[in-house]
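Colleague: got a structure for you, letters missing:
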């Protein structure tokens, strides 16, 4: 926003919400891939590298499509543009930095945190892995 000389506004805040959703989704996709590699006995450093490499296309395409979708809003000059431009600017600018963070910083942090067995990932992946199966929809009986 500061680079384009725009003030922070409600529409910019909405843009941050959209940006967080996309960035978190990309991070979850990458970490799931890394965790799957670790489950197959790959070291933390190799899993982080291979995971980032294998999910590169998915993360970049998600960010690119979202940024291209917001580009007309960022460049608009017509009626209502003063509301649309901050939202689009936040999303486009944030996706550039979030993509870099997802592909480079997140795997590096993972490899550093889980290297040499430090901070080892738990064996279970939640209730389903600990012997507690969730009830299928429509089968929960009230007492």
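Modeller: Structure's in. What do you need? All of these numbers come straight from a predicted model, not from anything done at the bench.

Colleague: what about residue 84, which helix or strand?
Modeller: Taking DSSP states H and E as the definition, one finds residue 84 inside helix 81-100.

Colleague: name the residues that touch that helix?
Modeller: 1, 3-4, 6-9, 11-12, 14-16, 18-19, 22-23, 26, 59-60, 63, 66-67, 70-71, 73-74, 76 (Cβ atoms under 8 Å, 6 or more residues apart in numbering). Using the backbone N, CA and C atoms, a C-beta is placed for each residue, glycine as well.

Colleague: quick one: buried ones out of the residues you listed?
Modeller: 9, 11-12, 15, 18-19, 22-23, 26, 59, 63, 66-67, 70, 73-74 (16 or more other Cβ atoms under 10 Å).

Colleague: quick one: residues contacting residue 115.
Modeller: The neighbours of residue 115, taking Cβ under 8 Å, 6+ apart as the test, are 44-45.

Colleague: ugh, wrong one, residue 34
Modeller: 47-48, 51, 107, 110.

Colleague: filter the residues you listed down to the ones in helices?
Modeller: Counted as lying in helices by DSSP state H, out of the contacts of residue 34, are 47-48, 51, 107, 110.

Colleague: now, the most widely separated pair of the buried ones among the contacts of helix 81-100?
Modeller: Comparing all pairs in the buried ones among the contacts of helix 81-100 by Cβ to Cβ, the longest separation belongs to 9 and 59, at 28.5 Å.

Colleague: now do the helix holding residue 84, average pLDDT.
Modeller: Helix 81-100 shows a mean pLDDT of 89.

Colleague: buried ones in that helix?
Modeller: Counting neighbours by 16+ other Cβ under 10 Å, one finds that the buried residues in helix 81-100 are 84-95, 98-99.

Colleague: distance to residue 39 for the residues you listed - can I get that in TSV?
Modeller: Listed next are those as TSV, based on distance: Cβ to Cβ, whole Å:
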residue	distance to residue 39
84	44
85	45
86	43
87	39
88	39
89	40
90	37
91	34
92	36
93	36
94	32
95	30
98	26
99	26
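
Colleague: pLDDT weak spots in this structure?
Modeller: 1-4, 7, 116-143 (pLDDT under 70).
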